[in-house]
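Peer 1: quick one, fold the following:
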Amino acid sequence: MNNMTELIDKLKKGAVNRCRERVIEARQNPKEKSVTTNNCRQNHGLTLQSKKMRGL
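Peer 2: Have a look, this model is predicted:
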C-alpha cells in the first residue's frame, strides 16, 4: 500500500512539473489568438444550431 502511495505522489509531481514547463514555455512563446471568444460563441452552441435549423 505504501508503494502505491509513493507511485501516485511521483506521478502527481511529474504531471505538475510538466504543466509548469508548458506554462513557462507558453509565456516565452506567445501565440496570437486565431479565434476570439465571441467568434467561438457564435459558431457553437445549442441555441445557434437550433436557430440555423429553423432558418433564423
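Peer 1: what helix or strand is residue 4 on?
Peer 2: helix 2-28 (DSSP states H and E).
Peer 1: just checking, what packs against that helix?
Peer 2: Counting contacts by 3 or more C-beta pairs under 8 Å, 6 or more residues apart in numbering; DSSP states H and E, helix 2-28 packs against no other helix or strand. Quick note: C-beta positions are derived from backbone N, CA and C, even for glycine.
Peer 1: tell me the mean pLDDT over that helix?
Peer 2: Taken as a whole, helix 2-28 carries a mean pLDDT of 93.
Peer 1: which positions within it qualify as buried?
Peer 2: For helix 2-28, the neighbour count (16 or more other C-beta atoms under 10 Å) marks no residue as buried.
Peer 1: tell me the gap between that helix and the middle of its chain.
Peer 2: Centre-to-centre, helix 2-28 and its host chain are 17 Å apart (C-alpha atoms, centre = their mean, to the nearest Å).
Peer 1: same check, this time on stretch 23-33
Peer 2: In this view, stretch 23-33 has its centroid 14 Å away from the chain centroid, taken as C-alpha atoms, centre = their mean.
Peer 1: can you check stretch 22-34 too?
Peer 2: 13 Å.
Peer 1: neighbours of residue 48, how many?
Peer 2: The burial count assigned to residue 48 is 13, neighbours taken as other C-beta atoms under 10 Å.
Peer 1: helix or strand: which one has it?
Peer 2: For residue 48, the enclosing helix or strand under DSSP H and E is helix 46-53.
Peer 1: quick one: average pLDDT of that helix?
Peer 2: 75.
Peer 1: packing partners for that helix?
Peer 2: Short answer (3+ C-beta pairs under 8 Å, 6+ apart): helix 46-53 packs on no helix or strand.
Peer 1: tell me the spacing between residue 7 and residue 15.
Peer 2: Going from residue 7 to residue 15 by C-beta to C-beta, to the nearest Å gives 13 Å.
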